[in-house]
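In: need coordinates for the below:
(one chain, ligands or ions: 1)
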Amino acid sequence: MSSTPRIVNSEDLPSWLGSMMRTFFRPPVDEMVEHYRTAIDLSRALGVFDGNEAVATLRSAAQEFTVPGLETIPVSALTNVTVAATHRRRGILTDMITRDLASSAERGEIASILVASEWPIYGRYGYGPAVFSNRLSVDTTNIRFTRPVAGAVDFSDTDEFDRVAPAIYDRHRRHQPGSILRDEHWWDRDLRRALGGSDVNKNFQAIYRAPSGEEEGYVTWVPEPKLDDMRTETSLRVEALVATTIRAYHALWHFLCTSDLQRSVTAALRPVDEMLPLLLDDGRRVRTLGQHDFVWVRLLDVPRALSARTYGTSGSLVIDVQDSLAHAHGRYRLSVEGSAAQCERTTDAADLRVSVAALGSVYLGGVSWAAHADAGAVSEETPGALELADHLFRTARAPWNNTWF
Ligand SMILES: CC(C)(COP(=O)(O)OP(=O)(O)OC[C@H]1O[C@@H](n2cnc3c(N)ncnc32)[C@H](O)[C@@H]1OP(=O)(O)O)[C@@H](O)C(=O)NCCC(=O)NCCS
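Out: Now for the predicted structure:
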């Protein structure tokens, strides 16, 4: 067997996908091979093969990532990372990921992002947790919203939803730091067309229209029916609730929570600063059932990353970044004047020292510099630098991402 990763070709796909699915405890699905042939950039898919059989998989895709200030930056989205149980702990992941990161840096991608299956894996490669998610439940019995809703929510069939929802999502993600784009292949899979078979779309869908008729949001949900002594205990599980305006957000939650024959609404992958409790006469009806890390960020080009976003105040800091893979290693001056930020290499003395993983974690403002300093990943060389860093990087709303990749 050669343990050197190589780029995958079209003939490799059945074995490559089979190996990947097996590691995630799922049987391979025939339709996936066809879907992957057209949906993925094969030149960015790596495999390690034992003869013709894949024993390790990894691929990345070009993505757009929205940062504070609403610029979208080119990043690499890493996914499908697996090493067969028979071939673990021999350095195969390390080979694949260092190769993928080097290619991303060569292409000029500013960062690599991923969703980690397990927390301990990716810090060593310079990734830090940057976007967190909440899972919540709403007790909807006799629920009351404090203000009236405007506009209309209508049920939608899959054809209409498919025509309308992608454009709504695209407007949403351009205004939501932490979000990424969804291409047509993503929607194919989401609407379960690509995988067909028994895995058909079981969602209900509704679209919100403003009084002017403008489509400003949508919700998809799956009812989980339950009757107890003829009393309904049905819950509605939200798959996605996306709104480009506050009135759409308000009306969609109102529609779900006040619809008949249900007692609760649950939702995962929600923002950690969900606004819903503030719209209710009793905000405690919304309970956070859990919180977890979602998107991890690994910066590759510090000057472009830090120049791309806007900041909470003006100021200047010299940040010394430690990166054992070299991409982000070095000392940089970040200078912010109003909405203009500049970041370039410098030889000036450092105000702060930070690991590249911690810098990725604070990049979107979702985790504080102070927290990483307390945890030992940031050291303050100039008194006051830590406080200034937090004032600079802080954002009014938390970063959020509701797109699996
Ligand atoms: C995660 C996975 C890809 C690691 O592959 P691997 O080839 O065994 O990793 P490597 O041999 O390159 O290990 C590199 C280092 O990471 C550590 N590591 C790898 N996986 C780890 C895990 N799950 N938990 C903790 N540490 C882990 C190794 O111990 C090693 O540490 P060291 O350098 O200090 O010795 C593999 O275990 C796997 O396929 N897991 C199931 C699928 C999965 O979780 N994929 C990730 C999707 S996001």
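In: show me what the helix or strand bottoming out on mean pLDDT in the chain is packed up against.
Out: Lowest mean confidence among the helices and strands of the chain (mean pLDDT, DSSP states H and E): helix 184-190, at a mean of 85. With contacts defined as 3 or more Cβ pairs under 8 Å, 6 or more residues apart in numbering; DSSP states H and E, the secondary structure elements packing on helix 184-190 are helix 30-39, helix 158-174. For every residue, glycine as well, the C-beta is placed using N, CA and C.
In: next one: the shortest one to chain centre, how far?
Out: Helix 30-39 has its average C-alpha position 23 Å from the chain's average C-alpha position, going by Cα atoms, centre = their mean, to the nearest Å.
In: any idea how far the residue of the stretch 201-350 of the chain found nearest the ligand lies from D320?
Out: Scanning the stretch 201-350 of the chain for the residue nearest the ligand gives W296, at 9.3 Å (criterion: Cβ to the nearest ligand atom). Distance, W296 to D320, by Cβ to Cβ, to the nearest Å: 22 Å.
In: show me the contacts for the spatially closest residue to P129 that is not a sequence neighbour.
Out: Closest residue to P129 apart from its sequence neighbours, by Cβ to Cβ, 6 or more residues apart in numbering: D293 at 3.8 Å. Contacts for D293 (Cβ atoms under 8 Å, 6 or more residues apart in numbering) come out as 116, 119, 129, 131-133.
In: tell me the most packed of these, by neighbour count.
Out: Across these, neighbour numbers were computed from other Cβ atoms under 10 Å; V131 holds the maximum, 26 neighbours.
In: any idea of the pLDDT on it?
Out: V131 is assigned a pLDDT of 98 by the prediction.
In: try D199
Out: Model confidence at D199, expressed as pLDDT, equals 49.
In: which of the residues in stretch 389-398 are buried?
Out: Under the neighbour-count criterion of 16 or more other Cβ atoms under 10 Å, stretch 389-398 has 389-390, 392-393, 395, 398 buried.
In: can you list the residues of the chain near the ligand?
Out: With the criterion set to Cβ under 6 Å from any ligand atom, the chain comes near the ligand through 23, 81-83, 88-94, 116-118, 120-121.
In: excluding covalently adjacent residues, which one is nearest to the residue of the stretch 201-350 of the chain closest to the ligand?
Out: Counting by Cβ to Cβ, 6+ apart, the nearest residue to W296 once its immediate chain neighbours are dropped is Y127, at 4.1 Å.
In: need the contact list for that neighbour.
Out: Residues in contact with Y127, defined by Cβ under 8 Å, 6+ apart, are 112, 114, 116, 296-298, 357, 360.
In: now, which of those lie within strands?
Out: Counting by DSSP state E, those place 112, 114, 296-298 in strands.
In: quick one, helices of the chain?
Out: 13-23, 30-39, 92-107, 158-174, 184-190, 246-258, 302-308, 356-362, 369-374, 385-393 (DSSP state H).
In: can you count the residues close to D301?
Out: The local packing of D301 (other Cβ under 10 Å) involves 20 other residues.
In: could you do the one 5 residues further on as well?
Out: Taking other Cβ under 10 Å as the criterion, the count of residues near L306 is 27.
In: which one in this protein is furthest away from the centre?
Out: Relative to the centre of the chain, and counting by Cα atoms, centre = their mean, the farthest-placed residue is D229 at 41.3 Å.
In: quick one: buried residues of the least confident helix or strand of the chain?
Out: By 16+ other Cβ under 10 Å, the buried positions in helix 184-190 come out as 186-190.
In: stretch 132-142 now?
Out: Buried residues in stretch 132-142, counting neighbours by 16+ other Cβ under 10 Å, are found at 132-134, 136-138, 140.
In: one step back: what distance do you get for the residue nearest to W296 to the ligand?
Out: As defined by Cβ to the nearest ligand atom, to the nearest Å, Y127 lies at a distance of 10 Å from the ligand.
In: could you do E106 as well?
Out: When distances are taken as Cβ to the nearest ligand atom, E106 and the ligand turn out to be 22 Å apart.
In: so who does that residue touch?
Out: Per Cβ under 8 Å, 6+ apart, neighbours of E106: none.
In: and A375, how far from S368?
Out: In this structure, A375 and S368 are 11 Å apart, going by Cβ to Cβ.
In: of these two, who's got more company?
Out: A direct count of neighbours by other Cβ under 10 Å for A375 and S368 places S368 higher, at 17 against 11.
In: how about that one, nearest residue that isn't a chain neighbour?
Out: Leaving out its chain neighbours, S368 is closest to D390 (Cβ to Cβ, 6+ apart), at 5.4 Å.
In: give me the contact list for stretch 23-43.
Out: 7-10, 13-14, 17-18, 21-22, 57, 59, 61-62, 82-85, 185, 188-189, 194-197, 199.
In: PyMOL command to pick out the buried ones of those?
Out: Remark: buried members of those, expressed as a PyMOL selection using 16+ other Cβ under 10 Å:
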select buried, resi 8+13+14+17+18+21+57+59+61+82+83+84+188+189+194+195
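In: who's in contact with T146?
Out: The neighbours of T146, taking Cβ under 8 Å, 6+ apart as the test, are 279-281.
In: give me phi/psi at it?
Out: Dihedral angles phi and psi of T146 (degrees, to the nearest 10) take the values phi -80, psi -20.
In: pLDDT below threshold where in this structure?
Out: Counting by pLDDT under 70, the chain contains low-confidence residues at 1-2, 191-202.
In: from what I can see E71 touches S307, true?
Out: No. Taking contacts as Cβ atoms under 8 Å, E71 lies outside contact range of S307: 9.3 Å.
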